[in-house]
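Participant: Here is my input, please return the structure:
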Amino acid sequence: MENEVNQGSRRGMSSSCTQKSTAHASLKDPMFLSTVEWDWEDDDLVFLRVELKEDVWGRDQEVASYTLLVDRLATGLRFWPLFDKTGMPSVGRLLVDVDFKLVAIFIAEFHVTKGNVIEWSLVSRENISLENVAFNVLPSKVQTVATDVIYFTKDSYQGVAVYRRVTSDEESRRGARMISVGVLVENSTRPRPWNHISALKRFAVRLEDSLEERDSLEAYFNQHKVSNTNSSEEEPWDGWEEELSRATMDHPAFHLTHVLQIMGISSLTVFKHALGRRRILIHTPPPVESACLLAQLAAVISTGEEGASGVHAQKIAVLGVVGLTDLKRIEEVSAQGNGWIACTTDAIFLEKTQKSIDPRLGPLDVSPSTRAKVTALGLLSAFHNHTDFLHSRLTEFLASTPGAVGIETETVMNPKDVVAFDLGPGSELDARFLEWLSETRGKKVKVRRGWKDLFRYIFGFA
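Facilitator: Down below sits the predicted model:
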């Protein structure tokens, strides 16, 4: 099998930069594993061509091929269709795995005398800092659980870590070592750190057998790290059906059904806070995986299906697990005015109850099944349709209201207007939600819900 990257000029497809890599495999054995890498100049006409060839009497005879623009190269597990020499589809397909690149990989550990420290790390660039990351991936009271999956952020990078409590005979370790193996992924509009969870779980298990083993981690990082000369290609968004069709079962969307079952009616409260771009802090004891998934899902369901365009195209910031070392960063994100959602195990945050939501999720007792894709798509569609409905109603209301020219001018919304949003005219949360939602449009709206207003609405005077 030959892999070729061509860079054509804008005047034609004459090859100005070509690099070939060959992976040998017998056509009789359809399973083979090969990793190839290329470097090329940034150009929107760069394309990738994969050729499947068979050795016939000492000559390579082309059997099938596939060509695509690098701009359309999508990450994750995908089936590429193969075409014969006449351009007709062949019966075969090629399974490929394209990953988001890593900017860092590390091992964090709790020391009795030093506290939480980064025991070992590799970074792709010198300006990548892992300061205080150990406190995110080893949150308070994590020693009470055996395993956990922890989402976090560092600066502008999204990350994920797998925690494991390892039994130790060392007297200084008090019978156990608390270790987290984690990664940071390159910036993108849709980072997918969960693609690395399965590998991190394998590495965490290996560390239990050999605590000093680093070769496999270093090899994984070298295979998936970001190049110093080229940034990772941005993946085009093709909708949620395409997203889940090639996602692993670690994708947060596959846990949507389970989270909604546990949360019940409280899930709508989180949804309204996220859609109103408020500051949401989820307090939970370890394990924190469920709370992290809730944070990821709240960001997903509060963003419209249009993805990269339209109102609320920018998702609410998901900070993952935060602690006292993140107070400055939380203030910086709050100043941006787009809201945030985070998780914490530190009880001191409960002193600010007006900014905290405590769903008490508990552990994930079930794993998503293969049927979760259909259910997740249906639920996501329902939330996205409702989000678009609320935005369309708000657009109609603001357009029909005289004087709604800026946030300085306060627009009054009566109970009849609230009902038009399919919300409760007597609900304090729904009233505050509509005020928050209007603020995201740069408008100031006051919802009237006094007893006189409700009386007029009930008896048809308003």
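
Participant: use CA for all of it now, contacts and neighbours both
Facilitator: Fine.

Participant: Give the next helix or strand downstream of the lowest-mean-pLDDT helix or strand in the chain.
Facilitator: When the helices and strands of the chain are scored by mean pLDDT, DSSP states H and E, strand 15-22 comes last with a mean of 36. Next helix or strand after strand 15-22 toward the C-terminus (DSSP states H and E): strand 46-56.

Participant: What mean pLDDT does that following strand get?
Facilitator: Average pLDDT, strand 46-56: 77.

Participant: go on, stretch 330-344?
Facilitator: 88.

Participant: what's the residue nearest to residue 394 when sequence neighbours are not counted in contact with, if anything?
Facilitator: Of all residues not flanking residue 394 in the chain, residue 438 sits nearest, at 7.5 Å (CA to CA, 6 or more residues apart in numbering). By CA atoms under 8 Å, 6 or more residues apart in numbering, residue 438 lies in contact with 394, 444, 445.

Participant: Which strands and helices lie in contact with the lengthiest helix in the chain?
Facilitator: For the chain, the helix reaching the highest residue count under DSSP state H is reported as helix 372-400. When contacts are defined as 3 or more CA pairs under 8 Å, 6 or more residues apart in numbering; DSSP states H and E, helix 372-400 sits against helix 240-245, helix 256-263, helix 289-301.

Participant: Would you mind measuring from the residue nearest to residue 394 to residue 432?
Facilitator: To residue 432, residue 438 is 10 Å away according to CA to CA, to the nearest Å.

Participant: quick one: what helix or strand has residue 136 in it?
Facilitator: Going by DSSP H and E, residue 136 is part of helix 133-137.

Participant: For that helix, name the packing helices and strands.
Facilitator: Using 3+ CA pairs under 8 Å, 6+ apart: helix 133-137 touches strand 102-111, strand 115-123, strand 147-154.

Participant: Redo the ones you listed as TSV? Include mean pLDDT and distance to residue 296.
Facilitator: Output for the helices and strands packed on helix 133-137, formatted as TSV (pLDDT from 0 to 100; distance: least, CA to CA, whole Å):
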stretch	mean pLDDT	distance to residue 296
strand 102-111	92	20
strand 115-123	93	25
strand 147-154	95	9
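
Participant: can I get these in CSV with distance to residue 322 and mean neighbour count?
Facilitator: Output for the helices and strands packed on helix 133-137, formatted as CSV (distance: least, CA to CA, whole Å; neighbours: other CA atoms under 10 Å):
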stretch, distance to residue 322, mean neighbour count
strand 102-111, 16, 23
strand 115-123, 14, 17
strand 147-154, 7, 23
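
Participant: Take those and write them to a markdown table, including distance to residue 212.
Facilitator: Formatted as a markdown table, the helices and strands packed on helix 133-137 follow (distance: least, CA to CA, whole Å):
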| stretch | distance to residue 212 |
| --- | --- |
| strand 102-111 | 11 |
| strand 115-123 | 10 |
| strand 147-154 | 19 |
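
Participant: between those, which one is nearest to residue 188?
Facilitator: strand 102-111 (11.7 Å; CA to CA).
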